[in-house]
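Novice: what shape does this take:
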Amino acid sequence: MDENSRIKVIPLGGLEQIGMNMTAFEYHDSIVVVDCGLSFPGDDMLGIDCVIPDITFLRENVDKIKGFVITHGHEDHIGALPYVLKEINVPIYGTKLTMGIIEGKLAEHELLDVVKRKVIKFGQSIHLGEFRIEFIRTNHSIADAAALAIHTPVGVIVHTGDFKVDYTPVFGDAINLTRFSELGKKGVLALMCDSTNAIRPGFTPSERTVGSTFEHIFAEHTKSRIIIATFASNVDRVQQIINTACKYKRKVIVEGRSMVNIISVAREMEYLKIPENTLISIEEMDNYTDDQLVIITTGSQGESMAALSRMAASLHKKVHIKPGDTVVFSSTPIPGNEKAVSKVINELYQQRAEVIFQDTHVSGHACQEEIKLMYSLIKPKYSIPVHGEFRHLKEHGELAQSMGIPKENVFLMQSGDVLSIGTEEAKITGKVPAGSVLVDGLGVGDVGNIVLRDRQNLAENGIIIVVLTLEKYSNQILSGPDIVTRGFVYVRESENLIENAKNVVTNALMDCLESRNADWGKIKMVIKDSLGEYLWKTMKRSPMILPIIMEVE
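Specialist: Predicted coordinates for the structure are as follows:
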């Protein structure tokens, strides 16, 4: 079959991990990119702020790219946009709230005036090159989440984005199952479906069930101050907390930068309805008694700089945890954050607060029965599980097979794989560069594995700097060697060790300089080897050794 009459699906991130979602769709000379997310650094990525996908493929095909189409406003779907748009400035398409959150990011990076944006309504389609892309309403833990029906000359590909089936959402309408069913009747080429909860049986409960839990918590804790930590982007959760607070005549304080930002965008766009005189500033807190207050805060994932973590560690300037406070964790720890969350919970218990984390959260992702529902409505020819670690994708693949998709039509892809789909067959036909680009401050991609390895070494073993001055022609030692250490030993208590280390370096240097053919590279090597060997023998430690040689005429 002619290679040109195939549609290529190229995930650049978002597989094998939760985060960094980005997929390119290519047909002839048109490329459309769905989502552009970041992921958060692992424990081994010292000093890294965030991780974004490698966009080498997009850079090389920049003339074909028609736009970024965004499913919803979570960081793992929009977070990389400001970094990527600086290189690939193409229009962005998304729903109203999603665009509002993106605009906040673009303003921060001074890109608002240079990037074209278009807000799309549900049910509306946009034509981008060879593609027609239709936005379909779904439910998720942030309002205005969309699935995409990507109409191509080869057939329709449905991308669910992140979704759950919620028949009683807090804001807006329920997921548009009718439209999925209509697409299924006409015939769908491939389904790219959310796998986050593919290993969980059953259905994901409605967001409203959390509202009744809050109701119980407020009813039982009428005397104490209530502090609730949740995801800033979960506007519906914030709405339910505010509704309950109003019912129990409590004032609400919003604390944490991301929470304040998103709530102001959601309020402006009327996704969040807050009665007059409900919100107060943190400065006004002292005018009210504990039983009149609710604090909604960031930090439900134990992030060290978030507001709740600072409160728990007594580092917050305005809020001090006191005995009797009721602290509610309205989220589940993201895999990898369990340790940080339990640290914060322990600190709260030590401050004699009551901590509640049962039944205060529901997921924003579909469990097995909802994924099956999607397959039974859409009846795709091919299944491409997305959005999850490999175990999630694998489980999802097995679910797809249980719904009648032949094993050879289920594609468990890796980031960078190129899947070519024709009318008759689909197969993985190649690979494009894909991987992680680390962002540290304003530097994008200037920190790689070698720098991280150095940071790891510095963090674990410290550094020793050896400074000496040589006379230019004779190579006589004029001063030094002086030894400066950081993160290795406390110098004042280790004078003998430092003195001995100097002697070791001096002796090795003398031997080296006497051999006449000593260039600076050789001298540095001798210093490193002799000092490294001495320190390993005496202390079983191997710090980074940095020789600095100065020359004087």
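
Novice: for the rest of this, base every contact and every neighbour count on C-alpha atoms.
Specialist: Fine.

Novice: contact partners for Lys318?
Specialist: 282-283 (CA atoms under 8 Å, 6 or more residues apart in numbering).

Novice: just give me the neighbour total for Lys186.
Specialist: 11 (other CA atoms under 10 Å).

Novice: how about the secondary structure of Lys118?
Specialist: strand (DSSP: H, G, I helix; E, B strand; the rest coil).

Novice: how about Val254?
Specialist: strand.

Novice: now it. Nearest residue, chain neighbours left out?
Specialist: Nearest residue to Val254, sequence neighbours excluded (CA to CA, 6 or more residues apart in numbering): Ile296, at 5.0 Å.

Novice: doesn't Val328 fall inside a strand?
Specialist: Yes - counting by three-state DSSP, Val328 is located in a strand.

Novice: wait, it touches Ala229, no?
Specialist: Yes - in this structure, Val328 is within contact of Ala229 by CA atoms under 8 Å, at 6.2 Å.

Novice: picking that back up, just list the residues touching the residue nearest to Val254, thanks.
Specialist: Going by CA under 8 Å, 6+ apart, Ile296 touches 227-230, 238, 252-255.

Novice: if we go to 6 Å?
Specialist: Going by CA atoms under 6 Å, 6 or more residues apart in numbering, Ile296 touches 228-229, 254.

Novice: do the same with Leu111
Specialist: No contacts exist for Leu111 under CA under 6 Å, 6+ apart.

Novice: would it count as being in a helix?
Specialist: No - Leu111 is assigned coil when assessed by three-state DSSP, not a helix.

Novice: just to revisit the earlier point, beta partners for the residue nearest to Val254?
Specialist: Beta bridges link Ile296 to Ile228, Val254, judged by DSSP bridges.

Novice: which one of the contacts of Ile296 has the most neighbours?
Specialist: If you count neighbours using other CA under 10 Å, the busiest of the contacts of Ile296 is Ile228, which has 25 neighbours.

Novice: from the chain's centroid, how far away is the lowest-mean-pLDDT helix or strand in the chain?
Specialist: Of all the helices and strands that make up the chain, strand 443-444 has the lowest average by mean pLDDT, DSSP states H and E, namely a mean of 76. Relative to the centre of its chain, strand 443-444 is centred 16 Å away, using CA atoms, centre = their mean, to the nearest Å.

Novice: and that strand, what does it pack onto?
Specialist: Applying 3 or more CA pairs under 6 Å, 6 or more residues apart in numbering; DSSP states H and E, we find strand 443-444 packed against no helix or strand.

Novice: next secondary structure element downstream of that strand?
Specialist: helix 449-461 (DSSP states H and E).

Novice: could I have that next one exported to PDB, CA atoms only?
Specialist: Only the C-alpha atoms of helix 449-461 are listed here, as PDB (Å, rounded to 0.1, in the frame of the first residue of the first chain):
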ATOM      1  CA  ASN A 449      22.800  13.100  32.300                       C
ATOM      2  CA  ILE A 450      26.400  14.100  32.800                       C
ATOM      3  CA  VAL A 451      25.500  17.200  34.800                       C
ATOM      4  CA  LEU A 452      23.000  15.300  36.800                       C
ATOM      5  CA  ARG A 453      25.600  12.700  37.600                       C
ATOM      6  CA  ASP A 454      28.000  15.400  38.800                       C
ATOM      7  CA  ARG A 455      25.200  16.800  41.000                       C
ATOM      8  CA  GLN A 456      24.500  13.400  42.400                       C
ATOM      9  CA  ASN A 457      28.200  12.900  43.100                       C
ATOM     10  CA  LEU A 458      28.400  16.400  44.700                       C
ATOM     11  CA  ALA A 459      25.300  15.700  46.800                       C
ATOM     12  CA  GLU A 460      26.600  12.300  48.000                       C
ATOM     13  CA  ASN A 461      30.400  12.900  48.400                       C
END
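
Novice: how about that helix, which residues are buried there?
Specialist: 452, 455, 458, 461 (16 or more other CA atoms under 10 Å).

Novice: give me the pLDDT value at the third one.
Specialist: What the model reports for Leu458 is a pLDDT of 84.

Novice: same thing with His74?
Specialist: So His74 comes in at 93 (pLDDT).

Novice: so the residue nearest to it when sequence neighbours are not counted is in which element?
Specialist: Spatial nearest neighbour of His74, excluding adjacent residues (CA to CA, 6+ apart): Ser233 at 7.0 Å. Under DSSP H and E, no helix or strand contains Ser233.

Novice: give me the neighbour count for Met374.
Specialist: 20.

Novice: what distance do you get for it to Asn197?
Specialist: Plainly put, Met374 is 14 Å away from Asn197 if you go by CA to CA, to the nearest Å.

Novice: so where's the stretch 251-400 of the chain uncertain?
Specialist: Of all residues in the stretch 251-400 of the chain, none has pLDDT under 70.

Novice: all strands for it, in order.
Specialist: 251-255, 293-297, 326-329, 354-356, 380-386 (DSSP state E, counting those that start in this stretch).

Novice: which elements pack onto the first one?
Specialist: Looking back up the chat, that one is strand 251-255. strand 293-297.

Novice: quick one: the strand it packs on to strand 251-255, angle?
Specialist: 20 degrees (axes from the mean of the first three to the mean of the last three CA atoms, to 10 degrees).

Novice: mind putting the strands of the stretch 251-400 of the chain in CSV, distance to Leu438 included?
Specialist: Below are the strands of the stretch 251-400 of the chain laid out as CSV (distance: least, CA to CA, whole Å):
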stretch, distance to Leu438
strand 251-255, 29
strand 293-297, 28
strand 326-329, 30
strand 354-356, 36
strand 380-386, 22
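
Novice: go ahead and confirm Leu393 touches Ser383.
Specialist: No - the pair Leu393 / Ser383 is not scored as a contact, 10.7 Å apart, by CA atoms under 6 Å.

Novice: ramachandran angles for Val32?
Specialist: phi -120, psi 140 (degrees, to the nearest 10).

Novice: what is it paired to in the beta sheet?
Specialist: Phe25, Gly67.

Novice: sort the buried residues of helix 449-461 by pLDDT and name the bottom one.
Specialist: Pick the lowest pLDDT in the buried residues of helix 449-461 and you get Leu452, at 79.

Novice: distance of it relative to Cys50?
Specialist: The value you get for Leu452 to Cys50, if CA to CA is used, is 14 Å.

Novice: same check on Ile133?
Specialist: On the measure of CA to CA, Ile133 and Cys50 end up 30 Å apart.

Novice: could you list the low-pLDDT ranges of this protein?
Specialist: For the chain (pLDDT under 70), the answer is 1-4, 473-475, 491-493, 515-518.

Novice: leaving out chain neighbours, which residue sits closest to Asp399?
Specialist: I think there's a mix-up here, since residue 399 is Leu and not Asp. Lys372 (7.1 Å).

Novice: count the residues that sit near the closest residue to His151 other than its chain neighbours.
Specialist: What sits nearest to His151 in space, not counting adjacent residues and going by CA to CA, 6+ apart, is Arg132, at 5.0 Å. The local packing of Arg132 (other CA under 10 Å) involves 16 other residues.

Novice: ok, Arg132 - contacts?
Specialist: So Arg132 contacts 126, 150-151 (CA under 6 Å, 6+ apart).

Novice: of those residues, buried ones?
Specialist: For these, buried by 16+ other CA under 10 Å: 150-151.

Novice: which one of the contacts of Arg132 is nearest Phe203?
Specialist: Nearest to Phe203 out of those is Ile150 (CA to CA; 26.8 Å).

Novice: bridge partners for that closest one, pull those for me.
Specialist: Using DSSP bridges, the bridge partners assigned to Ile150 are Ile133, Ile157.

Novice: perfect, that will be all.
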